[in-house]
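Q: Here's a sequence, model it:
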Amino acid sequence: MWASVSVEVLPRHIAVIPDGNRRYAGKYGLSFFQAYKHGVEKVRKFAAWVLEYRDIKHLTFFALSTENLQRSRAELELLFKIFKEEIKRTEEDPIIHENKVKVKFIGDRSLLPGDLVKAMERLEEITSSYNQYNLTLALGYGGRSEIVRCIKRLLSGEVALEVVDERSVFQCLDTNFLEYPEPDILLRTGGEKRISNFLLYQTAYSELFFLDKYWPEIEKEDLREILVEYSRRQRRFGR
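A: Here you go, the predicted structure:
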């Protein structure tokens, strides 16, 4: 029987690096298309599992990094096709609408195809009035480039430099729309133990979890085990 998870220590924000889709394809003899489709379907399932814990208000996925954009043209076209299909599907997803989930995208949209950006903007508009939960998808995103964009905003005079502090930096990051922009949990699947340029400023005090499973292999029990372990940790925030 699973250990109980105390409501008092549930995270408010979980960030996920869903790594291992291509290695999953090799393990099971699947095409990249099949593996990525399995991965996207698992994103939907994972989001539904998280919604069962009503106090977890924010879920952020690292969907496509700036480094990923250096992959082959064929693989990128495949990914863009899948993203567009899934964004369209999400427009009518009852889980999104019944739970009032606001969907937002972060990253440098100038790096993405115009038709994909239009699909992203449409989904954002459709869910713009929702305020119960936040699903954030990082596309064309890199933590360093996000910080550079923030610095440029600060230097442009939007904020007087003499009053710049941690709060004002948070306000000019891509995640500035979130009530809790700092993930309590950063989860990475695939066996690698690094954060790979994801939410560099926001994860200063995140609890890190590395799972030795490829992303499409993650199960509901894995999430529960992570939450149980999180509830046992004593967070010190550097103190």
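
Q: Only C-alpha atoms from now on, for both contacts and neighbour counts.
A: Fine.

Q: where does this protein dip in pLDDT?
A: Along the chain, the model assigns pLDDT under 70 to residues 1-8, 239.

Q: Strands of that one, start to end?
A: 13-17, 58-65, 101-106, 133-141, 185-188, 207-210 (DSSP state E).

Q: ok, and what's touching the second one?
A: Residues external to strand 58-65 that are found in contact with it (CA atoms under 8 Å, 6 or more residues apart in numbering): 12-18, 47, 133-142, 178, 180, 198.

Q: Can you tell me which of the residues you listed are buried?
A: Buried members of the contacts of strand 58-65, counted by 16 or more other CA atoms under 10 Å: 12-18, 47, 133-142, 178, 198.

Q: what residue lies at the spatial centre of the protein?
A: Nearest to the mean C-alpha position of the chain, by CA atoms, centre = their mean, lies residue 61 at 1.7 Å.

Q: That one and residue 238, how far apart?
A: Distance, residue 61 to residue 238, by CA to CA, to the nearest Å: 25 Å.

Q: and if you look at residue 154?
A: Residue 154 is 27 Å from residue 238, where distance means CA to CA.

Q: Looking at these two, which has the bigger crowd around it?
A: residue 154 (17 against 6; other CA atoms under 10 Å).

Q: close enough to count as contact, the more buried one and residue 165?
A: No: using CA atoms under 8 Å, residue 154 is not in contact with residue 165, being 10.8 Å away.

Q: Enumerate every residue touching residue 146.
A: The neighbours of residue 146, taking CA under 8 Å, 6+ apart as the test, are 107, 173-174.

Q: what's near enough to touch residue 181?
A: The contact partners of residue 181, by CA under 8 Å, 6+ apart, come to 13, 170, 175, 202.

Q: which of those lies closest to residue 117?
A: Using CA to CA, residue 175 is the member of the contacts of residue 181 that lies nearest residue 117, at 17.7 Å.

Q: I'd guessed that closest one sits against residue 105; true?
A: No: in this structure, residue 175 is not within contact of residue 105 by CA under 8 Å, at 9.2 Å.

Q: Look through this structure and report the residue furthest from the middle.
A: Taking CA atoms, centre = their mean, the residue of the chain most remote from its mean C-alpha position is residue 162, at 32.6 Å.

Q: Roughly how far does that residue sit from residue 173?
A: Counting by CA to CA, the separation of residue 162 from residue 173 is 19 Å.

Q: How many residues are close by the nearest residue to residue 38 once chain neighbours are set aside?
A: Nearest residue to residue 38, sequence neighbours excluded (CA to CA, 6 or more residues apart in numbering): residue 216, at 5.8 Å. Residue 216 has 23 neighbours, counted by other CA under 10 Å.

Q: now do residue 236
A: 7.

Q: Over to residue 25?
A: Neighbour count of residue 25, defined by other CA under 10 Å: 19.

Q: Please apply the same query to the one 10 residues further on.
A: Residue 35 is surrounded by 22 other residues when neighbours are defined as other CA under 10 Å.

Q: Please list all residues in contact with the closest residue in space to it that isn't next to it in sequence.
A: Leaving aside its chain neighbours, residue 35 sits nearest to residue 25 (5.2 Å; criterion: CA to CA, 6+ apart). Listed by CA under 8 Å, 6+ apart, the contact set of residue 25 reads 31-32, 34-35.

Q: Restricted to buried residues, select the residues you listed in ChimeraX.
A: Buried residues among these (16+ other CA under 10 Å), as a ChimeraX selection:
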select :32,35
